[in-house]
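1. let me see the structure of the following:
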Amino acid sequence: MRWKMNIFKKMVLFIILLLIPIVVLYSFSNRVSIGVVEEEIQNSNLNRVSFFTSQMDNVVNQLSIIPYIINKDYSIQELLNSKQEYEQLRLQEAIVSKLTILSATSNWSNRLTIYLPKLKQAISNDYSGVYDPAFLRHNIKPNWEYYPEGDSYFAKFMLSPLISYKNPEDAEAITEVRFSRQNIMNMLADYKQDGNGDPFLYSPGYEPIVNGASNRALIQELIAYLNKQTLDPLGHTIVELGKEKYLVNYVQSKSLGWYVVDYVPLQQILSPIVKSRNFFYGSIALLLIMSVVVSLLIYKQVQIPIKLLLRGVQGIQSGKYGLRLNHNPNNEFEYLFSRFNEMAAEIQILVEKVYMENIRFREVKLKQLQSQINPHFLYNCLFFIKNMIAVGDKEAATEMVLNLGEYFRHITKLENTMTTLQEELKMVQNYLNIQNLRMERFHYEIDIPESMMQLEIPRLLIQPIVENAILHGIGKSERYGILTIEGERQWGENKIIIDDNGIGMSPEQLAELQHKISMPMDQEMSCGLWNVHQRLLYQFKDNSGLILSQSPTGGVRVVLKWEERESDRT
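-> Predicted structure coming up:
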């Protein structure tokens, strides 16, 4: 009996350990789901607020166009030039009729007024305009302004000519368009009927414009919070007000400069997810009880063989290909154990073969990639020699031949595809000397730490980069060229940094080139940079290769990066 109880305890513990990851994953998934729901609600509400703001801005922008239309009306100029009182009355009535028609084109109730400083008169579509020089002198601004006194309203002025803003009394005509805040309150009320939010219009220093059914006390608490924040033109945040969290979305009106703010209680939205979570935890508890009962029946005949097979599979997965199962269960699992041992033996033989083939493939690939660069460099050197002989510069041609000989002595060491950084830099100096003899308009500097000189790198790794910098960067620039080669070694990582002050490339061009050298080579791609990048990847780890960026000197910066191997550190 005691033996059975011990097995029971072990099975219960095993099932608990099996269910713990499920519970943890579900808890994580639940948090992710809540985050996704919150984000979706945020995006949805933010889109609604943005759409509402754009609708409001569209109406305001339509009203903003009206002053332009009014200022172009010839009737105003005729009124200013008219000397007859009857003619002036006729023109005033005509202008009022036009203002009435223009006012009716907007969905919002509005008032249009024309102030004529020369005549000391004001004409409006509702005959309520009064010419007040003091008001015009202190309140005329080019943008929409809010006037909270009395019947609160927004107003915008336009002067003709426009240069009269500093002294409005010099203007021929001043057009004012205004609308009351009741228009916005009506829009906010319609917006609230379509959702769960409570929108309002907010601007620091002013009383908010709210809908008729809003919670003013809660809005005041939210405004106190917003006054302490620096708001972007568009955004959202979660605010705790009265021990309850609210999702707050806000969008700034481009025309008025005010913020449309909407807030929604989170608890109301997330309650279905909380119920689903509680139901899941109850189901897990029931499943645990049922599993304990079933475990008593299947533990001996099924669980132990499965655990052994699991350990064997995990061993194979971790690289222990010599692992074999020696257990004899005397049931159907005996066949599985036998087949597993045969499979493990075949995998071990196959892996050993693939490993050796991969080593040979990498050696062949390195030699093939290296051989692609040599004809390219040789062609350029022979072309330079031809030009120098043609112009009679025998000393430069001789220097070119000597350096070319040094180069061939470097690359004809076919017994090893690797070389030291010191030998590679010597080859680069030969190439730069040749180019300097030809161009005579650039200067180069090489600054490599002594500790890096004996590092082993693939042959012809730096020279193609330098060649690109000379031919495509400095060679196409009109200014005196400067080329620097620097080395860095820290934290197990080596870098060769090559800068030039040539014509450079845009960030988009550099990003495109960086992408191309990481992809399989095509017929249109120059093989130089691609070969260097791929050789670094083959020779060292995956995070090695070329990094392209804009140089501080104005051209292109190329960084050759690779991680140190154990042999480099000793």
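2. pretty sure residue 284 contacts residue 22?
-> Yes - contact criterion Cβ atoms under 8 Å: residue 284 and residue 22 qualify, at 7.2 Å. Where you see a C-beta, it was placed from the backbone N, CA and C, and this is true even at glycine.
3. check the offset of the helix or strand encompassing residue 154 from the chain's centre.
-> Counting by DSSP states H and E, the element that carries residue 154 is strand 153-160. Distance of strand 153-160 from the chain centroid (Cα atoms, centre = their mean, to the nearest Å) equals 41 Å.
4. and the angle for the helix or strand following it with strand 153-160?
-> The C-terminal neighbour of strand 153-160 among helices and strands, as given by DSSP H and E, is strand 173-180. Counting by axes from the mean of the first three to the mean of the last three Cα atoms, to 10 degrees, strand 173-180 lies at 170 degrees to strand 153-160.
5. next secondary structure after strand 173-180?
-> Next along from strand 173-180, by DSSP H and E: helix 182-193.
6. and stretch 120-140, average pLDDT?
-> For stretch 120-140, mean pLDDT is 80.
7. what's the end-to-end length of that stretch?
-> Its start and end residues considered, stretch 120-140 measures 16 Å (Cα to Cα, to the nearest Å).
8. please identify the buried residues of stretch 219-229?
-> 219, 222, 223, 226 (16 or more other Cβ atoms under 10 Å).
9. how about residue 128, phi and psi?
-> The phi and psi values for residue 128, taken as degrees, to the nearest 10, are phi -110, psi 0.
10. ok, now residue 472?
-> Torsion angles, degrees, to the nearest 10, at residue 472: phi -100, psi -10.
11. what about the residue lying closest to it once chain neighbours are set aside, is that helix, strand or coil?
-> Excluding the flanking residues, the one nearest residue 472 by Cβ to Cβ, 6 or more residues apart in numbering is residue 502, at 7.1 Å. Put simply, residue 502 is coil when judged by DSSP: H, G, I helix; E, B strand; the rest coil.
12. before we move on, what about the one 3 residues further on?
-> The three-state label for residue 505, taken from three-state DSSP, comes out as coil.
13. hey, C-alpha coordinates of whatever helix or strand residue 399 lives in in PDB?
-> Here residue 399 sits within helix 394-411, counting by DSSP H and E. Output in PDB follows, covering the C-alpha atoms of helix 394-411 (Å, rounded to 0.1, in the frame of the first residue of the first chain):
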ATOM      1  CA  LYS A 394      58.000  55.300 -66.400                       C
ATOM      2  CA  GLU A 395      58.700  55.700 -62.700                       C
ATOM      3  CA  ALA A 396      55.100  55.400 -61.800                       C
ATOM      4  CA  ALA A 397      54.700  52.400 -64.200                       C
ATOM      5  CA  THR A 398      57.800  50.800 -62.600                       C
ATOM      6  CA  GLU A 399      56.400  51.400 -59.100                       C
ATOM      7  CA  MET A 400      53.100  49.900 -60.300                       C
ATOM      8  CA  VAL A 401      54.900  46.700 -61.600                       C
ATOM      9  CA  LEU A 402      56.800  46.300 -58.300                       C
ATOM     10  CA  ASN A 403      53.700  46.700 -56.300                       C
ATOM     11  CA  LEU A 404      51.900  44.300 -58.600                       C
ATOM     12  CA  GLY A 405      54.600  41.800 -58.100                       C
ATOM     13  CA  GLU A 406      54.200  42.100 -54.400                       C
ATOM     14  CA  TYR A 407      50.500  41.500 -54.900                       C
ATOM     15  CA  PHE A 408      51.000  38.300 -56.900                       C
ATOM     16  CA  ARG A 409      53.400  37.000 -54.400                       C
ATOM     17  CA  HIS A 410      50.700  37.500 -51.800                       C
ATOM     18  CA  ILE A 411      47.900  35.800 -53.700                       C
END
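14. so how far is it off the chain centroid?
-> 49 Å.
15. so who does residue 145 touch?
-> 139, 154, 155, 156 (Cβ atoms under 8 Å, 6 or more residues apart in numbering).
16. what separation is there between the last one and residue 188?
-> This points to residue 156. Distance of residue 156 to residue 188, computed by Cβ to Cβ, to the nearest Å: 21 Å.
17. who's more crowded, these two?
-> residue 188 (25 against 22; other Cβ atoms under 10 Å).
18. flag every buried residue along stretch 82-91.
-> Buried-residue list, stretch 82-91, by 16+ other Cβ under 10 Å: 82, 88, 91.
19. touching, the first one and residue 88? I think so.
-> Okay, so that is residue 82. Yes - Residue 82 lies in contact with residue 88 (Cβ under 8 Å); the separation is 5.0 Å.
20. so what's the residue nearest to residue 472 up against?
-> Taking Cβ under 8 Å, 6+ apart as the test, what residue 502 contacts is 469, 472, 473, 474, 475, 476, 477, 481, 554, 555, 556.
21. which residues does residue 156 contact?
-> Counting by Cβ under 8 Å, 6+ apart, residue 156 has contacts 63, 64, 67, 142, 143, 144, 145, 176, 177, 178.
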